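Student: could you look at this predicted model? Sequence included:
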Amino acid sequence: MKYEKSLFIDELKATEERNHLSTVFLIQSSSLGMDKNGKPFMNLVFQDKTGEIEGRIWEDAHKYAGVATRDAFVLVEGKTQSFQ
């Protein structure tokens, strides 16, 4: 499957919050963590030719733990939002 990238990290950082996105990124790193209520989440660092950006998976984090790994290309769908 061929995918033409149309949205880059530098553009995400320059736009307003809560923009919907659907694009491919390389995972630079990933790890599982627990929120303050003991619910698991996944912390990811995505990369493309324009930079890096952090992302989180808040629901069903364990489901993605074996797939969302370092050096994997993934289709990311979600919304942008500043975190803390």
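Tutor: Sure, I can see it.
Student: look up phi and psi at the residue nearest to residue 3 when sequence neighbours are not counted.
Tutor: Distances taken as CB to CB, 6 or more residues apart in numbering put residue 24 closest to residue 3, at 5.3 Å, once the chain neighbours are dropped. Quick note: C-beta positions are derived from backbone N, CA and C, even for glycine. When quoted as degrees, to the nearest 10, the phi and psi of residue 24 stand at phi -100, psi 140.
Student: how close does residue 24 sit to residue 2?
Tutor: The gap separating residue 24 from residue 2 is 11 Å, by CB to CB, to the nearest Å.
Student: of these two, which one has the most company?
Tutor: Neighbour count, other CB atoms under 10 Å: between residue 24 and residue 2, residue 24 has more, with 15 against 3.
Student: so what's the more buried one up against?
Tutor: Residue 24 sits next to 3, 5, 73, 74, 75, 76 when contact means CB atoms under 8 Å, 6 or more residues apart in numbering.
Student: tell me where the chain has strands.
Tutor: With strands called from DSSP state E, the chain shows them at 20-34, 40-48, 51-57, 73-79.
Student: right, I'll leave it there.
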